[in-house]
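Asker: Quick one, structure for this:
(one chain, ligands or ions: 2)
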Amino acid sequence: SAYVSTEKEKTLAMIKPDGIAGNYTDIIKKTILDSGFSITQEMLFELNEETVRSFYAEHATKSFFPDLVQYMSSGPVLIMVLEKVNAIADWRALIGPTDANNAKITQPNSIRAMCGLDLQRNCIHGSDSPQSADKEIMFFFNKASSDFFVTTEVYGPD
Ligand code: RTP
Ligand code: MG
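Answerer: Numbers count the residues shown, from 1 in each chain. Ligands and ions are numbered 1, 2, ... in the order given. Have a look, this model is predicted:
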């Protein structure tokens, strides 16, 4: 996307079930902090199918949707709010393209190149626009925080 901001922004990141199961959490968090993001909130959570359907509602008509729902509800995920100047576009650039096989060729330093497996199992999520970031942060952290175990003000890049 062409969207660039000079303001501090927040975006939503999620280590997907394959990333957690593959023990990539620590290296991903180190990459996040080394890239200048603060992690302002995080929670480890197991998404049920209904929550995945709602979170990825924009894909409800796609042929891969049932597989996506199964995958994303197959184990725990780590959901984080990241903050820095231009966080939304910079986080999308850092995670790399959707297809991890493509990422390994075109963006070998990206997170999906490091820990993703294929088009579906790409280990990490990032909000794709300011509108998505607001919506997704609201979805997990502002709506019904009593439903979740939320840790705030985790740590910064320094
Ligand atoms: P995300 O939303 O998870 O950050 O990924 P993205 O923007 O790069 O890709 P998107 O088009 O939003 O797709 C959401 C997730 O669905 C799975 N997918 N499977 N089998 C397939 O054809 C297919 N296409 C996409 C991936 O897990 C993708 O990240
Ligand atoms: Mg997406």
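Asker: Which stretches in this protein count as helices?
Answerer: Remark: helices assigned in the chain by DSSP state H are 17-21, 25-34, 49-55, 65-72, 87-95, 100-106, 111-115, 130-137.
Asker: so which of these comes closest to residue 4?
Answerer: Closest to residue 4 of those is helix 87-95 (CB to CB; 5.9 Å). C-beta: built from backbone N, CA, C; applies to glycine.
Asker: Which elements pack onto that closest one?
Answerer: In this structure, helix 87-95 makes packing contacts with strand 8-15, helix 111-115, strand 124-126, helix 130-137, judged by 3 or more CB pairs under 8 Å, 6 or more residues apart in numbering; DSSP states H and E.
Asker: For these, give me a markdown table that also has mean neighbour count and distance to residue 67.
Answerer: Shown next, in a markdown table, are the helices and strands packed on helix 87-95 (neighbours: other CB atoms under 10 Å; distance: least, CB to CB, whole Å):
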| stretch | mean neighbour count | distance to residue 67 |
| --- | --- | --- |
| strand 8-15 | 22 | 17 |
| helix 111-115 | 23 | 18 |
| strand 124-126 | 24 | 16 |
| helix 130-137 | 17 | 21 |
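Asker: Including mean pLDDT, could the ones you listed go into JSON lines?
Answerer: Listed next are the helices and strands packed on helix 87-95 as JSON lines, based on pLDDT from 0 to 100:
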{"stretch": "strand 8-15", "mean pLDDT": "96"}
{"stretch": "helix 111-115", "mean pLDDT": "98"}
{"stretch": "strand 124-126", "mean pLDDT": "98"}
{"stretch": "helix 130-137", "mean pLDDT": "96"}
